[in-house]
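In: model this:
(one chain, ligands or ions: 1)
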Amino acid sequence: MKLDVAKIRKDFPILEREVRPGVRVTYLDSTATSQKPVQVIQAMDDFYRKSNANIHRGVHTLAEESTALYESARDRIAKFINAESARQVIYTRNTTESINLVAYTWARANLKQGDLVILTEMEHHSNLVPWHMLQSERGIELDFIPVTGDGLLDLVAYKLLLDRRPKLVSFTHMSNVLGTVNPAAEIIRLAHDAGAVAVVDGAQSVPHLQVDVQALDADFYAFSAHKMCGPTGIGALYGKVDLLEAMPPFLGGGDMIREVKLRSFRPNSLPHKFEAGTPAIAEAVGFGAAVDYLSAIGMDKIAAHEHEITEYALERLEEIPGVKVFGPSADKKGGVAAFTLEGVHPHDVAQILDQDGIAVRAGHHCAQPLHEKFGIPATSRASFYLYSTKEEVDLLVNGIYKVKKMFG
Ligand code: C6P
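Out: Take a look at the predicted model:
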């Protein structure tokens, strides 16, 4: 059965918002952050009204309730990605912090000068800069799986890179610019065959696809709540138990310890070992509500709906003279359409569309090397989610025709 999008849209109050009198928002920027359903807003509101207290610290009713809510959200997030156990799901602030956690702990404990880390040319800055930093500090080597002209990873080149016996392969499951869904299971299998640990940036995949970390055999998997109907300020890092157990802690402070002496400490068990200080408790509650929301609808249905919208969007955008859409065909990508319009700067496109309430992002989308690869400084980007409609795609297309008219 198909998604009842009209019903789903009623869950998202912001979609009724008029950004100017009489101009309702057409939100086509879910890749940057998704909108939030009332179920998530309500869960966080309820938490603050009824259960707010610090976690893992008190024995009073509110503290116990708050702890239970925080940990039960973790359980549901673990199930959502099919982790073997909730101990393997560490709360972080976002995907960026999850990848940094791996870079600061696993990588600093295991990589030395000259060790090779393989990334790809389509990475978001959050899966580039932590490794650049380690390169400056440790003298590790970086190399990159090239992106082909049609926006796919060149797996032949990848296999050649693997002959150099990398220690780590870190790549995005789905590109935030090209929309490309990379063959994660195959990339990971090949990495393992070469003796490397595999890190996956799942910022764009977990919100849109059914992700099964066990089936993928990922060593680490990073994602953010705010892109999957949840709040900002919280994300997660999944990791294999043996790796997480062997890693040193990340930040030091309260909650991440079992015992502290004046001159030493013993770290807590998983997952708390990596969660120092008072965490984002209400946000964890919201994160749990978000995975409940997505699970109740069904990730397969969400993916099918997004596929239909993306196919339609690519078809309509490509018929506009002067528009070039980047990335592969709809069957190989998620709901992202980054494009250029001949003779018009992407920022101007976005600004003019905004006059009609159409929200798209313009810029390099934190993937500057990828834009450089395609010889462009920026793109305009429309992106879709479970609440997106074909009518919104039509509004975007009409808006682009309007831009063309203004620029002659
Ligand atoms: N991309 C976009 O507009 P954070 O900011 O940590 O939640 O997510 C970082 C991140 C990592 N990887 C990928 C593939 C991403 O798309 C993002 C976030 C947003 O494309 C904001 S720059």
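
In: alpha carbons only for contacts and neighbour counts from here, please
Out: Will do.

In: quick one, what contacts the residue most central in space within the chain?
Out: The residue lying closest to the centre of the chain (CA atoms, centre = their mean) is Ala203, at 1.1 Å. Ala203 makes contact with Thr95, Thr172, Met174, Ala222, Phe223, Ser224, Lys227, according to CA atoms under 8 Å, 6 or more residues apart in numbering.

In: quick check: the farthest pair among those?
Out: Using CA to CA, the pair of these lying farthest apart is Thr172 and Lys227, separated by 14.8 Å.

In: the residue lying closest to Gly363 once chain neighbours are set aside and the ligand, how far apart?
Out: Of all residues not flanking Gly363 in the chain, Ala378 sits nearest, at 4.5 Å (CA to CA, 6 or more residues apart in numbering). Ala378 sits 13 Å away from the ligand, going by CA to the nearest ligand atom, to the nearest Å.

In: Ala378 against Leu370, yeah?
Out: No - the pair Ala378 / Leu370 is not scored as a contact, 9.9 Å apart, by CA atoms under 8 Å.

In: look at Val200 and give its secondary structure.
Out: Of the three states, Val200 takes strand under DSSP: H, G, I helix; E, B strand; the rest coil.

In: oh, and call the first residue 75 from now on, that's how I've got it
Out: Got it, the first residue is 75 from now on, which makes the last one we talked about Val274.

In: what residues does the stretch 375-482 of the chain have near the ligand?
Out: By CA under 6 Å from any ligand atom, the residues of the stretch 375-482 of the chain that approach the ligand are His439, Cys440.

In: out of the contacts of Ala277, which are close to the ligand?
Out: Answer for the contacts of Ala277 near the ligand (CA under 6 Å from any ligand atom): Thr169, Thr246, Ser298.

In: surely the first one and Gly309 touch.
Out: Yes - with contacts defined as CA under 8 Å, Thr169 counts as touching Gly309 at a distance of 6.0 Å.

In: nearest spatial neighbour of the residue in the stretch 75-224 of the chain that the ligand sits nearest to, skipping sequence neighbours?
Out: Among the residues of the stretch 75-224 of the chain, Ala106 lies nearest to the ligand; the distance is 3.2 Å by CA to the nearest ligand atom. Closest residue in space to Ala106, ignoring its immediate chain neighbours: Lys301 at 7.0 Å, by CA to CA, 6+ apart.

In: what residues does this structure put near the ligand?
Out: Near the ligand, when you scan the chain using CA under 6 Å from any ligand atom, you find 105-106, 168-170, 198, 200, 246, 249-250, 275, 277-278, 298, 439-440.

In: what about those, which one has the most neighbours?
Out: When neighbours are taken as other CA atoms under 10 Å, the top entry among the residues of the chain next to the ligand is Ser298 (31 neighbours).

In: show me what contacts it?
Out: By CA under 8 Å, 6+ apart, Ser298 lies in contact with Arg167, Asn168, Thr169, Ala277, Thr306, Ile308, Gly309, Ala310.

In: and the residue lying farthest from the centre of the chain, which of the three is it?
Out: Most distant residue from the mean C-alpha position of the chain: Leu336, 39.8 Å away (CA atoms, centre = their mean). The three-state assignment at Leu336 reads coil, by three-state DSSP.

In: also Asn174?
Out: Three-state assignment for Asn174 (three-state DSSP): helix.

In: for Arg340, phi and psi?
Out: The phi/psi pair for Arg340 (degrees, to the nearest 10) reads phi -120, psi 130.

In: from what I can see it touches Gly327, true?
Out: No - Arg340 is not in contact with Gly327 according to CA under 8 Å; the separation is 11.4 Å.

In: mind checking which of the two has more residues around it?
Out: Gly327 (15 against 12).

In: so that one, which state does it fall into?
Out: What three-state DSSP gives for Gly327 is coil.

In: for His439, same thing?
Out: Secondary structure assignment for His439 (three-state DSSP): coil.

In: for the stretch 275-424 of the chain, what spans make up the helices?
Out: For the stretch 275-424 of the chain, helices defined by DSSP state H, counting those that start in this stretch occupy the ranges 287-290, 315-320, 355-371, 373-392, 420-429.

In: so which elements touch the last one?
Out: The elements that helix 420-429 packs onto, with contact taken as 3 or more CA pairs under 8 Å, 6 or more residues apart in numbering; DSSP states H and E, are strand 432-433, strand 435-437, strand 453-457, helix 464-480.

In: just put these in TSV and tack on mean pLDDT and mean neighbour count.
Out: Listed next are the helices and strands packed on helix 420-429 as TSV, based on pLDDT from 0 to 100; neighbours: other CA atoms under 10 Å:
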stretch	mean pLDDT	mean neighbour count
strand 432-433	98	24
strand 435-437	98	21
strand 453-457	98	27
helix 464-480	98	17
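
In: how far does stretch 301-319 sit from the chain's center?
Out: Remark: stretch 301-319 is offset 10 Å from the chain centroid, using CA atoms, centre = their mean, to the nearest Å.

In: one more: stretch 250-257?
Out: Taking mean C-alpha positions (CA atoms, centre = their mean), stretch 250-257 and its chain are 12 Å apart.

In: can you tell me what sits against it?
Out: 105, 198, 225-227, 246-249, 278-279, 400-402, 406-412, 439, 441, 455.

In: at 6 Å what do you get?
Out: His247, Met248, Phe400, Gly401, Lys406, Lys407, Gly408, Val410, Ala412 (CA atoms under 6 Å, 6 or more residues apart in numbering).

In: restricted to strands, list the contacts of Ala277.
Out: Per DSSP state E, strands hold the following members of the contacts of Ala277: Thr246, Ala296, Phe297, Ser298.

In: quick one on the thing from earlier: out of the helices and strands packed on helix 420-429, nearest to Asp316?
Out: Comparing the helices and strands packed on helix 420-429 by CA to CA, strand 453-457 comes nearest, at 37.2 Å.

In: follow-up on the earlier one: and of the contacts of Ala277, the nearest to Phe86?
Out: Out of the contacts of Ala277, the member with the shortest distance to Phe86 (by CA to CA) is Lys301, at 14.2 Å.

In: surely that closest one is in contact with Ser108?
Out: Yes - the pair Lys301 and Ser108 passes the contact test of CA atoms under 6 Å, sitting 4.8 Å apart.
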